[in-house]
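Visitor: Got a predicted structure here, sequence first:
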Amino acid sequence: MLTKILPAVRGLMAQNQVLPRLARVDPDGTEPVLAIPPGCGDVLAVLRDRLPAGARRVTVEAFGTYAAEFSGCAGRVAGKIAVVTGAAQGFGLEIATDLAAQGAWVALADINVEGVNAAAATINAACGRDAAIGVAVNVADPDSLAAAMERVVAAFGGIDLFVANAGVLRAGSVKDLSVKDLDFVTSVNYKGYFLSVQSVAPIMALQHSAAPQTWFDIIQINSKSGLTGSNKNGAYAGSKFGGIGLTQSFAMELVEDGIKVNAICPGNFYDGPLWSDPEKGLFKQYLDSGKVPGAKTFDDVKRFYEAKVPMRRGCTTPDVMKALYYLMEQAYETGQAVPVTGGQVMLA
């Protein structure tokens, strides 16, 4: 229920098109006390009618007291509230870390609960503030996503940026890849992205309704494999191609709600666990599947793929963050799939 109330409160408390974080506080007797009628079909209308102009604190009966907190941080996303899925490790963790360093409040969401809780604690220590929280989520489960969004809104009041980073890969030929592996990849990469947007879009739309001049961002971390086919890796490439189709479709639909939807298509991130995990990583999968002719070691696989890149190196998190901040700051950009591949994939 908080996801139907606090984003509206947050929007109504905006100053100069900047939305505050809403922090749970103890009541001091000065704040208005509002009751949302049971079964209310238009919470925003009730709040517009009952929340005094200029209010910076409010008690919502049955839910508690919340105070507007405008960020005093510097940075490219200062004061923004972000959610990053798949944030226990790899790109997701590094994206969340950079967002916090640039002034955002960040919810790290992952099925690995211990991992995101530990990562959030590390981020907070590095930032010297309570910038991050860990949130349990299975992006393929709508109930899990609903609970995660409720947790984020309870902690911060709403969401400005949703980074759909969670992704998995099972390499293999179409001749012998199991249905189980196909379903696993599709469930997370395609269905999980769809369900993630379905869960966060109403929160952003409610904020936009309360503060119509504000805009919000959904950014999928896709892949170069969403732009060009991948030999003996069709399940993954297909799920990523599908993700770009979703991105374009979401962008067309959600623009009326003040939501921009874009994708970033990174090249190979060799340093992350997706590639380097010794048991499940792509170096091992590609070596075992015979995808790289003549390869006998992980280094052989890496050299094979680096040779495909004009810039002769893999993608890094700073490369991705430049694209992410561009997409957020560029008000006139939605429905795009931005390649960050060192020239390996060049759009016509």
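Guide: Ah, there it is.
Visitor: Pull up the distance across stretch 213-232, start to finish.
Guide: Across stretch 213-232, the terminal residues are separated by 46 Å (Cα to Cα, to the nearest Å).
Visitor: For that stretch, the averaged confidence score.
Guide: For stretch 213-232, the mean pLDDT works out to 96.
Visitor: what do you get for stretch 105-114?
Guide: pLDDT averaged over stretch 105-114 gives 98.
Visitor: what about it, start to end distance?
Guide: End-to-end span of stretch 105-114 (Cα to Cα): 19 Å.
Visitor: and the next element down the chain from the helix or strand of the chain with the lowest mean pLDDT?
Guide: Confidence across the helices and strands of the chain bottoms out at helix 273-276, with a mean of 81, counting by mean pLDDT, DSSP states H and E. For helix 273-276, the succeeding helix or strand toward the C-terminus, using DSSP states H and E, is helix 282-289.
Visitor: coming back round to it: run the chain-centre distance for the least confident helix or strand of the chain.
Guide: Helix 273-276 has its C-alpha centroid displaced from the chain centroid by 20 Å (Cα atoms, centre = their mean, to the nearest Å).
Visitor: Likewise for stretch 152-170?
Guide: The answer for stretch 152-170 is 4 Å, by Cα atoms, centre = their mean.
Visitor: Let's test this: mean pLDDT of it, rounded?
Guide: For stretch 152-170, the mean per-residue pLDDT is 96.
Visitor: same check, this time on stretch 332-348
Guide: The model assigns stretch 332-348 a mean pLDDT of 95.
Visitor: on that earlier part again, sort out which residues of the least confident helix or strand of the chain are buried, please.
Guide: For helix 273-276, the neighbour count (16 or more other Cβ atoms under 10 Å) marks 273-276 as buried. All C-beta atoms are positioned from the backbone trio N, CA, C, and that covers glycine.
Visitor: Can you add distance to Ala307 and give these back as CSV?
Guide: Below are those laid out as CSV (distance: Cβ to Cβ, whole Å):
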residue, distance to Ala307
Pro273, 23
Leu274, 20
Trp275, 16
Ser276, 18
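Visitor: before we move on, the earlier item: just the CA coordinates for the least confident helix or strand of the chain, please, in CSV.
Guide: This file holds the C-alpha atoms of helix 273-276, laid out as CSV (Å, rounded to 0.1, in the frame of the first residue of the first chain):
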residue,chain,number,x,y,z
PRO,A,273,31.7,-13.0,-12.6
LEU,A,274,29.6,-13.5,-15.7
TRP,A,275,32.8,-14.1,-17.6
SER,A,276,35.4,-15.0,-14.9
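Visitor: now for that helix, which elements pack on it?
Guide: helix 90-101, helix 282-289 (3 or more Cβ pairs under 8 Å, 6 or more residues apart in numbering; DSSP states H and E).
Visitor: other SSEs contacting the longest strand seen in the chain?
Guide: Ranked by number of residues, the top strand in the chain under DSSP state E is strand 259-266. Counting contacts by 3+ Cβ pairs under 8 Å, 6+ apart, strand 259-266 is packed against helix 192-210, strand 216-221, helix 234-254, helix 317-329, strand 337-340.
Visitor: Pull the distance from the last one to the chain's centre.
Guide: In terms of Cα atoms, centre = their mean, the centre of strand 337-340 is set 16 Å apart from its chain centre.
Visitor: helices and strands around that strand, which ones?
Guide: strand 259-266, helix 317-329.
Visitor: before we move on, back to that, between the helices and strands packed on helix 273-276, which one is nearest to Asn262?
Guide: Closest to Asn262 of the helices and strands packed on helix 273-276, according to Cβ to Cβ: helix 90-101, at 14.3 Å.
Visitor: so that closest one versus strand 216-221, what angle?
Guide: On the basis of axes from the mean of the first three to the mean of the last three Cα atoms, to 10 degrees, helix 90-101 is oriented at 150 degrees to strand 216-221.
Visitor: Send me helix 90-101 as PDB with only the CA atoms.
Guide: Extracted C-alpha coordinates of helix 90-101, given in PDB (Å, rounded to 0.1, in the frame of the first residue of the first chain):
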ATOM      1  CA  GLY A  90      29.600  -7.600 -11.200                       C
ATOM      2  CA  PHE A  91      28.200  -4.700 -13.200                       C
ATOM      3  CA  GLY A  92      25.200  -4.300 -10.900                       C
ATOM      4  CA  LEU A  93      27.300  -3.800  -7.800                       C
ATOM      5  CA  GLU A  94      29.700  -1.400  -9.500                       C
ATOM      6  CA  ILE A  95      26.800   0.600 -11.000                       C
ATOM      7  CA  ALA A  96      25.200   0.900  -7.600                       C
ATOM      8  CA  THR A  97      28.500   1.900  -6.000                       C
ATOM      9  CA  ASP A  98      29.000   4.700  -8.600                       C
ATOM     10  CA  LEU A  99      25.400   6.000  -8.300                       C
ATOM     11  CA  ALA A 100      25.900   6.300  -4.500                       C
ATOM     12  CA  ALA A 101      29.200   8.000  -5.000                       C
END
